[in-house]
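>>> For reference, the sequence and a predicted model appear below.
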Amino acid sequence: MAEIGIINCGMGNLTSVKNAFNHAGIACDLIEDACDVSRYKKIVLPGVGAFRSMMEKLNEKGFSTEIKEHIKRDKPYMGICLGMQVLFESSTEFETTSGLCELHGTVQRLPGGSNPVPNVGWWDVGGDYDLFSQELSDLDTFYFVHSYHCIPSKNYSALTIDFNDTTIVAAIRKNNIFAYQFHPEKSQNSGKKLLKSFAELA
Amino acid sequence: MSKKFRIIPSVQFKNGSVVKSVNYLNHRVVGDLPSTMRVYSRRQADELIFYNLDALDNKEINFSTILSCVQNSNMPLTYGGGVRNVDTANRLIGNGFDKISFNTCVFEEPKVIYQVAKLIGSSSTIATIDLKFVNSRLCMFTNGGKKLVGDFNYSETIKLLEDLGIGEVVINCIDNDGLMNGYNFDIISGIPKMSKIPVLLSGGCSGVSCVKRAYEFGFDGAVMSSIFLWQGDSIPSLKDALFEKIPVRKVVL
């Protein structure tokens, strides 16, 4: 059994995440059954699609309780895209939906302006890289695909981008929670550094 | 911190090989799929669009073949070709594609687009609009450039796509396909300004100067393939030449 388990709640691009870990030489399993979550040292929750459908699936399959328990025990958690957003209290996508409430704040639509929405493409990010990986530098760029973004109501350690004159959260680190709005699994060598540092966590 | 202009190779796949056409005709075999994907991956393309011409005309999508796309890639991948329902789109996403591009379906079964966008998200639901002049009128085509839809009125079309939940659009000029004579800015340069969603352009890329112009007109990225096949350009050489001029992503090793 690998140390890292990727939660399959029936949404999202699991193949890409698994392939990216494997290409980086890191073993990982897919978790199909919520009962297995507690057996893993580290979990990853990827996700693309709508917040509400994701929360429904997490609740229905019993993953919500298990994820909260995992975080409570301060075991490493990586949330990618929707897997980051569901950590917050609620989202206004389609209709207001409650999240896992592990981080304070809400999820809302990206502000309009000269940058089109969805935000698709590569950005360099600002903030304290070291909290996420010691290997990161100004040259690293990350791949984003999203229409909604997290608005924390507390001051978390974060990486950010400037999107349509608004500071948007690109990543949050809180204890052993590593939450990424962008896709480390699609960010080639820059993303690989994040996957590796997650795998190397004690 | 800034967003990078995307340099996006496109790969056309027909009869089991990677091909390249001129004006969507005379498809010439240029390689096999796994090695093509590996080359673009090694050069760290910003994204790649895969057009599966074998799936046109209501033919089945050959999953086992096209999955070598995913297996040999480290790039964000878009799949286009023959997707007509939600299940197929979802299956492609589950198998490792990041975005699905629609063309024929946009005009023939728009409801499907709406459902797909709701399931996989607008940002993964994109459209490719194929344009071609017919008796000096600019028209839209479907079915791989074979079927005429009608006149292209860009504000109407972009509005339709946005209303359906499409999150990005590729504007492709068939008349320039494979000619490497430059994008046809005369007919498409105004589109990004009136569009809320990202707009990519395709068809006729000639290299540095026309990519730079695409950026200046507000396009989000440029799609190209012939210059990598026939002109000796590569993703790193193109990016090196562009780096001082426009924000492109440096390849990180």
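Looks like it arrived, so ask away. Please read all numbers here as calculations on a predicted model, not as lab measurements. Numbering: from 1, shown residues only, chains lettered A, B, ... in the order given.

>>> ranges for the strands of the chain?
As the question left the chain open, I've gone with chain A. Along chain A, counting by DSSP state E, strands occupy A:4-7, A:28-31, A:42-45, A:77-80, A:90-91, A:97-98, A:105-109, A:119-123, A:126-127, A:142-146, A:148-152, A:157-163, A:166-174, A:177-180.

>>> please go with chain B instead
Under DSSP E, chain B gives strands at B:6-14, B:17-22, B:25-31, B:48-52, B:77-80, B:99-102, B:125-134, B:137-142, B:147-151, B:168-173, B:199-202, B:221-224.

>>> do stretch A:18-26 and chain B meet at all?
Yes - contact between stretch A:18-26 and chain B, assessed by C-beta under 8 Å from any C-beta of the partner chain, occurs at A:19-20, A:23. For every residue, glycine as well, the C-beta is placed using N, CA and C.

>>> neighbouring contacts of that stretch?
Stretch A:18-26 has contacts (C-beta atoms under 8 Å, 6 or more residues apart in numbering or on different chains) with A:4, A:6, A:27-28, A:30, A:184-186, A:191-192, A:195-196, A:199, B:70-71, B:74, B:96.

>>> List buried residues within those residues.
Among the contacts of stretch A:18-26, those buried by neighbour count (16 or more other C-beta atoms under 10 Å in any protein chain shown) are A:4, A:6, A:28, A:184-186, A:191-192, A:195-196, A:199, B:70, B:74, B:96.

>>> ok so, going back, make a markdown table out of the strands of chain B and add mean pLDDT.
Formatted as a markdown table, those follow (pLDDT from 0 to 100):
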| stretch | mean pLDDT |
| --- | --- |
| strand B:6-14 | 97 |
| strand B:17-22 | 97 |
| strand B:25-31 | 96 |
| strand B:48-52 | 98 |
| strand B:77-80 | 97 |
| strand B:99-102 | 97 |
| strand B:125-134 | 97 |
| strand B:137-142 | 97 |
| strand B:147-151 | 97 |
| strand B:168-173 | 98 |
| strand B:199-202 | 98 |
| strand B:221-224 | 98 |
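
>>> ok, so of the buried ones among the contacts of stretch A:18-26, who is nearest residue A:167?
Taking C-beta to C-beta as the measure, residue A:167 lies nearest residue A:184 of the buried ones among the contacts of stretch A:18-26, at 20.7 Å.

>>> who touches the closest one in this structure?
Applying C-beta under 8 Å, 6+ apart, the residues contacting residue A:184 are A:20, A:78, A:80, A:142, A:191-192, A:194-195.

>>> pLDDT for those - can I get that in CSV?
What follows is the contacts of residue A:184, written out as CSV (pLDDT from 0 to 100):
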residue, pLDDT
A:20, 93
A:78, 98
A:80, 96
A:142, 97
A:191, 97
A:192, 97
A:194, 98
A:195, 98
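
>>> quick one: which of those residues is nearest chain B?
Ranked by distance to chain B (C-beta to the nearest C-beta), the contacts of residue A:184 are led by residue A:20 at 7.5 Å.

>>> what about that closest one, how many neighbours?
Residues lying near residue A:20 (other C-beta atoms under 10 Å in any protein chain shown) number 24.

>>> Over to residue A:18?
There are 21 residues near residue A:18, going by other C-beta under 10 Å.

>>> how far away is the residue of the stretch 101-250 of chain B found nearest chain A from residue A:119?
Nearest residue of the stretch 101-250 of chain B to chain A, counting by C-beta to the nearest C-beta: residue B:123, 3.6 Å away. Computed as C-beta to C-beta, to the nearest Å, the residue B:123 to residue A:119 distance reads 8 Å.

>>> could you check the angle strand B:48-52 makes with the helix or strand of chain B with the lowest mean pLDDT?
In chain B, no helix or strand scores lower on mean pLDDT, DSSP states H and E than helix B:63-71, which sits at a mean of 90. For helix B:63-71 against strand B:48-52, the angle by axes from the mean of the first three to the mean of the last three C-alpha atoms, to 10 degrees is 170 degrees.

>>> And helix B:63-71, how far out from the chain middle?
Mean C-alpha position of helix B:63-71 versus that of the full chain (C-alpha atoms, centre = their mean, to the nearest Å) differs by 18 Å.

>>> and if you look at stretch A:135-143?
17 Å.

>>> How many residues are close by the closest residue to residue B:173 other than its chain neighbours?
Sequence neighbours aside, residue B:203 is the residue nearest to residue B:173 in space, at 3.7 Å (criterion: C-beta to C-beta, 6 or more residues apart in numbering or on different chains). Per other C-beta under 10 Å, the neighbour tally for residue B:203 reads 28.

>>> Report all helices and strands that the biggest helix by length in chain A contacts.
Once chain A is assigned using DSSP state H, the helix that runs over the most residues is helix A:188-200. If you count contacts as 3 or more C-beta pairs under 8 Å, 6 or more residues apart in numbering or on different chains; DSSP states H and E, helix A:188-200 packs onto helix A:14-23, strand A:42-45, strand A:142-146, strand A:177-180.

>>> and those as CSV, adding distance to residue B:245?
Below are the helices and strands packed on helix A:188-200 laid out as CSV (distance: least, C-beta to C-beta, whole Å):
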stretch, distance to residue B:245
helix A:14-23, 31
strand A:42-45, 38
strand A:142-146, 22
strand A:177-180, 30
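
>>> sorry, back to before: ok and the least confident helix or strand of chain B relative to helix A:14-23, angle-wise?
Interaxial angle of helix B:63-71 relative to helix A:14-23 (the same axes, to 10 degrees): 50 degrees.

>>> What angle do strand B:6-14 and helix B:63-71 make with each other?
Using the same axes, to 10 degrees: helix B:63-71 against strand B:6-14 is 160 degrees.

>>> Extract the CA atoms of helix B:63-71 and return them as PDB.
Extracted C-alpha coordinates of helix B:63-71, given in PDB (Å, rounded to 0.1, in the frame of the first residue of the first chain):
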ATOM      1  CA  PHE B  63     -10.400   5.000 -26.900                       C
ATOM      2  CA  SER B  64      -7.500   2.600 -26.800                       C
ATOM      3  CA  THR B  65      -5.700   4.400 -29.500                       C
ATOM      4  CA  ILE B  66      -6.200   7.900 -28.300                       C
ATOM      5  CA  LEU B  67      -5.300   7.200 -24.700                       C
ATOM      6  CA  SER B  68      -1.700   6.900 -25.900                       C
ATOM      7  CA  CYS B  69      -2.100  10.700 -26.100                       C
ATOM      8  CA  VAL B  70      -2.500  10.900 -22.300                       C
ATOM      9  CA  GLN B  71       0.000   8.200 -21.500                       C
END
